[in-house]
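S.K.: Got a predicted structure here, sequence first:
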Amino acid sequence: MPASLKPPSAVPDVLAPDLAVVFCGINPGRVSAAAAAHFANPRNDFWRLLHDAGFTPRRFDPSEQFDLLPLGYGVTNAAYRTTPGSSDLRRGDFDAARLEALAAELRPNAIAFVGKEAYRGLYNERADLGPQLRTVADGIGLFVLPSTSPANAAVPYEERLRWFRALREWIEPSPRPAVRAVVLDADDRILLTRFQNPVTRAVWWATVGGGVDEGESEEVALRRELLEEAGLSDVEIGPVVWTRESVFAWDRRLLHQRERMHLVRVDAHEPEPTIDVAAEGVTDVRWWSLDELEASDERLVPRDLATRLRELLRDGPPTAPIRVGP
């Protein structure tokens, strides 16, 4: 049944934009449905674990679930239908498209599945506990926790607490300085690289560049990236025209990336990587005209790349770097 035709859940979503993490249970049980609150069974350890792991300043009652939002946390379910137990769910009860749409709209940094079966129901694949290679909505990280249900009593409380604490540490993203190049040729085309997620196969195009290694200068890092990804050397590094910040998951890590994008002008160049860029998820590098960008339905990073490029070509480099979109 399409998501739009499914009856609403007996338990409301606890969601808002830009949360640090959204906890995703499997579905409402009868106690939760009667209370209209997530994890309302008094034998369920979810709220106790949240407090003991340092997510909440005290142990919340399920009726206080919306008090999670100011702390940066939300709650939803993988399936909306209320059942006596999760074993009563059917395959059609799970709706991965709904979760993907919520993630794309609200952009949490991560989604934490409370139990392996919540994850398995959505993606029809088994998962180990901890961070996953799979992401949703182009870079939102996924983490699998042990179930907090009383049916999971065979797993000691301390073991479940260990994973909740691991999540609490993991959602603090690691800082990653990065530098990129807005490479333009004599025809005002921009050079872009094509990335592909190895698990979801999601594809996007971005400017040439990458992370700045510890102890490395911005210029050295950018020259290295230009040579490796496009075969460009002996170019003049121009001013920083754009900056961008984003939080995303890559290779089971959550990263807070701050990018500075320099203008680089070249007369003509046939891009040719000098290393095996496929290991970094790069599958192509080519020139794009502004008209091609504006007509394309490909995902571009930043999303407002065509608009920003039009401004840059019309107005020239800005007096101060412009912050571009996600």
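M.R.: Nice, I can see it.

S.K.: I'd like the mean pLDDT over the helix or strand where Ala181 lies, please.
M.R.: Here Ala181, judged by DSSP states H and E, is contained in strand 174-184. Strand 174-184 shows a mean pLDDT of 98.

S.K.: can you check stretch 213-220 too?
M.R.: For stretch 213-220, mean pLDDT is 96.

S.K.: can you pull out the helices in the stretch 51-200 of the chain?
M.R.: Remark: helices assigned in the stretch 51-200 of the chain by DSSP state H, counting those that start in this stretch are 96-106, 116-123, 157-170.

S.K.: Pipe these into TSV and attach mean neighbour count and distance to Arg314 per row.
M.R.: C-beta coordinates here come from the backbone N, C-alpha and C atoms, glycine included. Output for the helices of the stretch 51-200 of the chain, formatted as TSV (neighbours: other Cβ atoms under 10 Å; distance: least, Cβ to Cβ, whole Å):
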stretch	mean neighbour count	distance to Arg314
helix 96-106	16	31
helix 116-123	22	45
helix 157-170	16	43
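
S.K.: and the nearest residue to Asp13 once chain neighbours are set aside, how many neighbours does it have?
M.R.: Taking Cβ to Cβ, 6 or more residues apart in numbering, and ignoring the residues beside it in sequence, Asp13 has Thr76 as its nearest neighbour in space, at 4.8 Å. Here the number of neighbours of Thr76 (other Cβ atoms under 10 Å) works out to 22.

S.K.: Could I get the contacting residues of Thr76?
M.R.: Listed by Cβ atoms under 8 Å, 6 or more residues apart in numbering, the contact partners of Thr76 are Asp13, Val14, Leu15, Val22, Phe23, Cys24, Gly25, Leu99, Leu102.

S.K.: Run through the bridge partners of it.
M.R.: Assessed by DSSP bridges, Thr76 has beta-bridge partners Cys24.

S.K.: quick one: contacts for the residue positioned nearest the centre of the chain?
M.R.: Geometric centre of the chain, nearest residue: Ile140, 1.8 Å, by Cα atoms, centre = their mean. Residues in contact with Ile140 (Cβ under 8 Å, 6+ apart) are Ala103, Arg107, Pro108, Asn109, Ala110, Ile111, Phe248, Ala249.

S.K.: Surely Trp204 and Ser296 touch.
M.R.: No. Counting by Cβ atoms under 8 Å, Trp204 does not reach Ser296; the two are 11.3 Å apart.

S.K.: okay, the two: which has more neighbours?
M.R.: Between Trp204 and Ser296, Trp204 has the larger neighbour count (other Cβ under 10 Å), namely 18 against 13.

S.K.: leaving aside the residues next to it on the chain, what's closest to that one?
M.R.: Distances taken as Cβ to Cβ, 6+ apart place Arg299 nearest to Trp204, at 4.1 Å, with adjacent residues excluded.

S.K.: Over to Gln132?
M.R.: Sequence neighbours aside, Leu142 is the residue nearest to Gln132 in space, at 4.2 Å (criterion: Cβ to Cβ, 6+ apart).

S.K.: Next one: the one you found from Leu71, what distance?
M.R.: Leu142 sits 20 Å away from Leu71, going by Cβ to Cβ, to the nearest Å.

S.K.: Give me the domain ranges for this structure.
M.R.: 3-170, 174-323 (automatic domain parsing).

S.K.: Deepest-packed of those, please.
M.R.: The highest mean neighbour count among the domains of the chain, using mean count of other Cβ atoms under 10 Å, belongs to domain 3-170: a mean of 18.

S.K.: How far away from the center of its chain is that one?
M.R.: From the chain centre to the centre of domain 3-170 is a distance of 17 Å (Cα atoms, centre = their mean, to the nearest Å).

S.K.: my guess is His51 contacts Phe60, does it?
M.R.: Yes. The pair His51 / Phe60 is scored as a contact, 7.2 Å apart, by Cβ under 8 Å.

S.K.: Can you classify the residue in the chain sticking out farthest from the centre as helix, strand or coil?
M.R.: Distance from the centre of the chain peaks at Asp267, with 36.5 Å (Cα atoms, centre = their mean). What DSSP: H, G, I helix; E, B strand; the rest coil gives for Asp267 is coil.

S.K.: Now do the strands in this structure.
M.R.: 21-25, 73-77, 110-114, 130-136, 140-145, 174-184, 190-196, 203-211, 240-250, 253-265, 282-288, 300-301, 322-323 (DSSP state E).

S.K.: So which of those is nearest Ser233?
M.R.: Nearest to Ser233 among the strands of the chain is strand 253-265 (11.6 Å), distances taken as Cβ to Cβ.

S.K.: and that closest one, what other elements does it pack with?
M.R.: The contact analysis (3 or more Cβ pairs under 8 Å, 6 or more residues apart in numbering; DSSP states H and E) places strand 253-265 against strand 174-184, strand 203-211, helix 218-230, strand 240-250.
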